[in-house]
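[1] Need a 3D model of the following:
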Amino acid sequence: MANPPQPSVGYSVTITPSNQDSPTPRPETNLSPPPPPLHSSTGGPRFPPPPVVQPNHIPSPSMKTPTLPSPANGVRTGSPVVPHLSTPPGPPVFSSPLQPAAVPFRTSPATPQPVAFSSGSSLPTSSPSPFSNGLLELEHRVSDATEEFVPGTESPNVLFSATKVLKQKKLSNVPSLGFGALVSPGREVSPGPQVIQRDPHRCQNCGAYANFYSNILLGSGQWQCVICRNLNGSEGEYIAASKEELGNLPELSSPFVDYVQTGNKRPGFVPVSDSRASAPVVLVIDECLDEPHLQHLQSSLHAFVDSLPPTTRIGIVCYGRTVSVYDFAEESVASADVLPGNISPSQESLKALIYGTGIYLSPIHASLPVAHSIFSSLRPYKMDFPEASRDRCLGTAIEVALGIIQGPSAEMSRGVVKRFGGNSRIIVCAGGPNTFGPGSVPHSFSHPNYPYMEKTAMKWMENLGHEAHRRNTVVDVLCAGTCPVRVPVLQPLAKASGGVLILHDDFGEAFGVNLQRASTRAAGSHGYLEIRCSDNISVTQVIGPGEEAHVDNHETFKNDNSISVQMLSVEETQSFAVSMETRANIKSDYVYFQFAIQYSNVYQADISRVITVRLPAVDSISAYLESVQDEVAAVIIAKRTLLRAKNSSDAIDMRVTLDERVKDIANKFGSQMPKSKLYRFPKELSLLPELLFHLRRGPLLGSIVGHEDERSVLRNLFLNASSDLSLRMVAPRCLMHREGGTFEELPAHDLAMQSDSAVVLDHGTDVFIWLGAELAAQEGKSAAALAACRTLAEELTEMRFPAPRILAFKEGSSQARYFVSRLIPAHKDPPYEQEARFPQLRTLSGEQRTKLKSSFIHFDDPSFCEWMRSLKVLPPEPS
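    As a prediction, the model looks like this:
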């Protein structure tokens with residue numbers, strides 16, 4: 001399957017943003033051609049080999065599937081509508097200005113997205129059938145319910161690095177390109193999967209699920225497993241007079257299904273009302289802030305509680321040298337119980353707190369005025385210590401927050417379990433480091449024992465994160481201000497609990513939006529991801545927000561060779577990068593992959609989401625390369641690379657590794673130029689090297705971001721991020737404002753910096769709006785262009801978490817360097833190269849081109865073409 005037109009080639013996408021006066025209309029969209037969605041291509045095996053097990057790295061073919069209750073399903077959940085801030089103002093709700101597939105995090109696209117699989121199932125022709133009579137190849141008809149399944153592509157939840165697999169082991173395992181998939185377990189799509197409210201049929205040999213591609217014996221109802229070829233019974237359920245009858249069973253008519261089991265089937269489970277089932281949100285607030293920061297924080301907190309659904313239960317804890325737990329029972333004044341911050345709270349003190357007369361978790365509808373009075377009562381720090389030297393007992397505060405979330409449930413008898421819908425949340429609003437009490441570090445880096453104390457604090461915080469996860473509580477740490485928060489100490493806490501750590505410039509708009517999105521993003525709990533592959537394909541590495549699951553399932557399934565990963569939480573904003581390789585030459589015409597995601601959703605239903613993918617196996621290298629999905633391949637390569645870039649010196653080494661990777665792909669799959677030592681990069685992978693060049697010089701591996709803490713936070717976000725956000729963090733998206741309020745998508749080259757234009761650059765965690773000097777001089781036009789660009793930026797990032805900061809500046813300003821540094825310096829290339837890779841130049845007059853050329857300042861960064869030639873590789877021709 002040939003790759004669709006690639007955005008870097010300079011094709012034009014015209015976008016009309018929403019009307020400024022009405023926040024919800026659907027903009028007119030003219031695409032020529034449409035921007036390709038993030039396709040499924042990944043770089044798989046190791047290059048060079050990564051270490052065996054790391055925090056975000058879950059390899060090991062010896063892992064077994066955990067024993068879980070029969071997958072049964074309940075209600076499918078979409079992400080809740082994200083309310084928006086009133087003060088400070090957050091992005092208004094707009095409809096997407098682009099095709100739904102191109103907009104990250106859109107939970108319910110406006111038009112159904114094709115979820116494509118080849119229909120029909122048959123045994124590979126090269127594999128002799130063990131059944132002489134009665135085995136019917138079930139030729140699945142595409143029923144009304146599965147119209148959206150288009151042969152040759154995959155579910156949006158699973159994006160492969162190539163839509164075909166090479167049969168030859170030696171070539172398919174070339175580590176520089178590799179093979180793999182991006183798996184988004186919690187991603188909700190529209191239309192959603194078919195729901196089945198009964199136990200699934202599973203292979204008694206390997207544990208795989210009966211599926212769309214299984215072959216059925218109509219007379220006996222037996223089905224053949226696509227993973228291990230074992231024949232299994234169906235307890236008579238698959239007995240049918242004709243194959244058409246079987247098309248009424250969801251698992252045999254769709255490769256993407258949810259098995260649901262609701263709570264009333266669980267012994268010992270006590271159903272609770274919806275208001276009590278909603279998991280609580282506890283704010284843990286730093287009270288050591290100076291007045292300007294505190295004012296911004298108070299505005300964000302007031303807007304946050306105003307945006308919460310009425311049934312949401314909220315708690316408020318503040319920390320400095322002591323921990324203050326606010327009591328919602330007092331309506332006239334802000335009242336708090338105070339605990340010491342230098343030690344962990346004892347069981348006695350927590351019991352006295354929980355069984356006392358205070359109310360520490362209360363639904364918003366009953367306590368909104370009290371919450372506002374608490375936030376208004378916060379006062380700025382009065383002592384004369386610098387920000388970094390103030391005593392903050394963050395560790396103790398989180399222990400107390402966990403205690404009030406758990407409440408007296410530990411004392412409930414007869415095995416009755418108190419269970420919230422989804423994960424509880426602790427959201428930390430921090431303005432400085434944890435310097436007092438458990439898990440703290442000294443105020444100064446010059447402390448003689450600082451390295452040891454930091455290491456001890458990191459371990460303590462990691463254990464606290466694991467304890468929070470054990471209690472189904474996610475800890476998100478939102479930091480803001482200019483004081484260093486000691487990211488290495490706080491990161492293990494967020495990571496181990498399944499949460500995130502985010503840095504902000506201040507407690508203003510972006511912080512307020514992230515506060516809202518952190519609390520409202522749907523999160524399932526008790527999640528496991530199982531991966532099964534057929535035909536000598538094995539999983540070599542899994543990168544993402546999970547841990548290896550150490551549960552042996554041999555008692556249930558004799559030969560279960562699946563990889564099993566315990567997910568820390570199940571959210572739409574996450575994905576796993578799965579790398580695979582071939583153990584031997586593939587003899588079949590098709591290979592099969594099955595992904596089973598088992599979790600409890602926010603409605604307390606146990607879900608088993610089963611996605612089965614069939615890919616053709618081919619001998620032709622050209623056919624394989626044409627099926628490679630450059631964007632997915634680049635994201636997987638990036639995640640494998642970033643996993644090993646733990647500090648700035650590692651990042652430099654990884655840039656060299658990327659250079660070697662590009663050279664190796666050209667040597668293995670490209671062609672040598674006649675009478676030359678140069679290799680031509682394969683034309684089928686025309687977009688891949690430019691994506692890797694963006695990765696090499698961007699904030700993840702380059703030197704754009706100044707402080708190592710910022711790089712560390714970006715790397716951790718990227719390793720867990722959804723496929724859409726991951727792509728944007730690797731390579732920015734460039735959109736130029738046009739007359740009439742439309743936008744044209746262009747390659748992210750500095751040739752877009754045309755003085756009479758406005759440009760939006762979306763780089764995932766940052767969105768920049770650049771106004772050319774000529775345009776900025778025209779007050780009316782520049783105001784209209786800026787408003788249109790800001791509207792587009794807010795629409796593009798409407799559902800993104802973390803919400804990016806949106807910066808606007810004029811050409812030549814000091815802030816414009818953020819924008820310029822993320823664009824490829826294509827002005828250094830000869831004119832024919834510029835026109836080939838940036839066709840929009842052809843629309844400029846000679847005078848405009850001269851003016852554009854004279855506006856660039858010389859610096860040493862190579863252009864994309866110069867970099868490729870320095871590697872002795874000719875860049876691929878733009879397609």
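
[2] tell me the pLDDT at residue 709?
    Model confidence at residue 709, given as pLDDT, is 85.

[3] neighbours around the closest residue in space to it that isn't next to it in sequence, how many?
    Residue nearest to residue 709 in three dimensions, not counting chain neighbours: residue 487, with 4.0 Å by C-beta to C-beta, 6 or more residues apart in numbering. Bear in mind the C-beta positions are built from the backbone N, C-alpha and C, glycine included. Close neighbours of residue 487, defined as other C-beta atoms under 10 Å, add up to 21.

[4] One more: residue 689?
    Applying other C-beta under 10 Å, we find 26 other residues in the vicinity of residue 689.

[5] before we move on, the earlier item: now do the residue nearest to residue 709, the pLDDT please.
    You'll see residue 487 listed with a pLDDT of 93.

[6] And residue 239, how far from residue 222?
    According to C-beta to C-beta, to the nearest Å, residue 239 stands 9 Å off from residue 222.

[7] quick one, which of the two is more surrounded?
    residue 222 (19 against 16).

[8] Now for that one: which residues touch it?
    The contact partners of residue 222, by C-beta atoms under 8 Å, 6 or more residues apart in numbering, come to 216, 231, 232, 233, 234, 238.

[9] ok, back up a step: might one say that the residue nearest to residue 709 is in contact with residue 713?
    Yes. Between residue 487 and residue 713 there is a contact under C-beta atoms under 8 Å: 6.0 Å.

[10] Can you check which residues contact both of the two?
    Residues touching both residue 487 and residue 713 (C-beta under 8 Å, 6+ apart): 501, 503.

[11] any chance you could map the strands in the stretch 351-500 of the chain?
    Ranges of strands within the stretch 351-500 of the chain are 362-363, 424-430, 473-480, based on DSSP state E, counting those that start in this stretch.

[12] same for the lengthiest strand in the chain, what does it pack against?
    In the chain, ranked by residue count with DSSP state E as the criterion, the top strand is strand 606-618. Applying 3 or more C-beta pairs under 8 Å, 6 or more residues apart in numbering; DSSP states H and E, we find strand 606-618 packed against strand 158-160, strand 165-166, strand 256-261, strand 590-600.

[13] winner for burial among those?
    Compared across these, strand 158-160 shows the largest average neighbour count, a mean of 27 (mean count of other C-beta atoms under 10 Å).

[14] how about low-confidence regions in the stretch 451-600 of the chain?
    Applying pLDDT under 70 to the stretch 451-600 of the chain flags residues 523, 551-555.

[15] ok, residue 702 to residue 807 distance?
    Distance from residue 702 to residue 807, counting by C-beta to C-beta: 18 Å.

[16] actually residue 771, not the one I typed
    12 Å.

[17] Isn't residue 622 up against residue 685?
    No. Between residue 622 and residue 685 there is no contact under C-beta under 8 Å: 11.5 Å.

[18] what about the closest residue to residue 684 other than its chain neighbours, which helix or strand?
    In space, not counting the residues next to it along the chain, residue 684 is nearest to residue 625; the distance is 3.8 Å by C-beta to C-beta, 6+ apart. Assessed by DSSP states H and E, residue 625 sits inside helix 621-627.

[19] counting contacts, what elements does the following helix or strand past that helix pack onto?
    The helix or strand immediately downstream of helix 621-627 is helix 630-643, counting by DSSP H and E. The contact analysis (3+ C-beta pairs under 8 Å, 6+ apart) places helix 630-643 against strand 179-183, strand 537-543, strand 576-582, helix 648-669, helix 688-697, helix 708-720, helix 723-730.

[20] one more time with 6 Å
    Applying 3 or more C-beta pairs under 6 Å, 6 or more residues apart in numbering; DSSP states H and E, one finds that helix 630-643 contacts helix 688-697, helix 708-720, helix 723-730.

[21] ok, back up a step: of all the residues in the helix holding residue 625, which ones are buried?
    For helix 621-627, the neighbour count (16 or more other C-beta atoms under 10 Å) marks 621, 623, 624, 625, 626, 627 as buried.

[22] Test my guess that the third one contacts residue 166.
    Yes. At 4.8 Å, residue 624 counts as touching residue 166 under the criterion of C-beta atoms under 6 Å.

[23] What is the distance between stretch 429-442 and the centre of its chain?
    Between the centre of stretch 429-442 and the centre of its host chain there is 28 Å, according to C-alpha atoms, centre = their mean, to the nearest Å.

[24] Then stretch 428-443?
    28 Å.

[25] And the contacts of that stretch?
    The contact list for stretch 428-443, computed with C-beta atoms under 6 Å, 6 or more residues apart in numbering, reads 284-286, 289, 293, 341-342, 344, 387, 389, 391-396, 450, 453-454, 457, 460-461, 477-479, 481, 483, 485-486, 489.

[26] Which of the residues you listed are buried, as a PyMOL select command?
    The buried residues among these can be selected in PyMOL (16+ other C-beta under 10 Å) with this line:
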select buried, resi 284+285+286+289+293+341+344+387+389+391+392+393+394+395+396+454+457+460+461+477+478+479+481+483+485+486+489
